[in-house]
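Chemist: Fold the stuff below for me.
(one chain, ligands or ions: 2)
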Amino acid sequence: MTQSKDSIYARPIGAIEAFKFDDKVAEVFLDMIGRSVPGYQAIIAAIGLLAGRFARPDSVCYDLGCSLGAATFSMLQQIEAPHCRIVAVDNSAAMVSRFRERLQKEVPHANVEIRCADIRDIAIENASVVVLNFTLQFIPPEDRRPFLRKIQEGLLPGGLLILSEKLCFDDPRQQELQTEMHHAFKRAQGYSELEISQKRSALENVLIPETFKTHQSRLLEAGFASAEVWFQYFNFASILALK
Ligand SMILES: Nc1ncnc2c1ncn2[C@@H]1O[C@H](C[S@+](CC[C@H]([NH3+])C(=O)[O-])CC(=O)[O-])[C@@H](O)[C@H]1O
Ligand SMILES: O=C(O)C(=O)Cc1ccccc1
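Modeler: Residues are numbered from 1 along each chain as shown. Ligands and ions are numbered 1, 2, ... in the order given. So this is what the prediction gives:
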């Protein structure tokens, strides 16, 4: 699989277009997400461990907004439950074709179904684990509540939703500090000021963060028994919601 360094926003761009998960992004995605999301690799490793604990025999683990399948590969390493399969879904054809190629090469007999579809349109059934690893933030806010309700209804009793998101904060000083620290993280990962600011413009109105409180109350309203943060690094957090 081709995996190159992300330099998409390195040169000045006249009119910055809205961020899209197209071929150009898919090609550099591993590098891009690893250098942009503080704690990404730690979260991916933990998703495997959590799936190892929560995956039930004869059930389904969903990886929604799977991109190149990092969470699926991590779950595959840890799941021991018999006849447990993974359904991985993304609506970016560029991501899905690269993921299929890599899965075929690395784990050809894995019980994984990769679908190119909108995650709002698929049925969720018999699920023991659902992963939304930095995906909900790209779903229009008004669609988030019914979508989370569908996930809750598709989970088995005792099932787990892992929800990782970029957060925002009610307090303006926290918002400014955490945003600045995220940018400091990106600079330390080798991104320039220009790359940081151009990507920030491209993500405006595309990636829409919410506060932890908003996530937590909506998860409880959707019928989850509890929802708590298990990981946070600046404005990036991961939540465990238990049915
Ligand atoms: N409506 C939608 N339907 C299907 N897919 C969607 C939709 N909207 C966005 N996506 C997909 O959600 C993914 C978000 S990236 C997830 C990282 C991955 N989980 C990882 O663990 O590496 C996060 C990020 O780039 O910050 C992209 O591949 C989109 O195509
Ligand atoms: O890069 C950023 O500023 C982010 O918020 C994370 C991200 C990572 C990969 C694609 C889109 C957004």
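Chemist: Tell me who's in contact with the residue in the chain that ligand 1 sits nearest to.
Modeler: Closest residue of the chain to ligand 1, CB to the nearest ligand atom: G65 (2.9 Å). Quick note: C-beta positions are derived from backbone N, CA and C, even for glycine. Counting by CB atoms under 8 Å, 6 or more residues apart in numbering, G65 touches 89-90, 119, 132-136, 138.
Chemist: please redo it, this time with the cut-off set to 6 Å
Modeler: 90, 135 (CB atoms under 6 Å, 6 or more residues apart in numbering).
Chemist: Next, count neighbours for the residue in the chain positioned nearest to ligand 2.
Modeler: With CB to the nearest ligand atom, the shortest gap between the chain and ligand 2 falls at S36, namely 3.4 Å. When neighbours are counted by other CB atoms under 10 Å, S36 registers 20.
Chemist: Ok, the one 4 residues further on next?
Modeler: For Y40, the count of nearby residues is 19 (other CB under 10 Å).
Chemist: Give the closest residue to Q198 in space, chain neighbours not counted.
Modeler: Nearest non-adjacent residue to Q198, counting by CB to CB, 6 or more residues apart in numbering: Y9, 4.0 Å away.
Chemist: Check I122 too.
Modeler: Spatial nearest neighbour of I122, chain neighbours left out: V89 (5.8 Å); criterion: CB to CB, 6+ apart.
Chemist: what sits against the one you found?
Modeler: 64, 115, 117, 119, 122.
Chemist: same question, H182
Modeler: So H182 contacts 234-235 (CB under 6 Å, 6+ apart).
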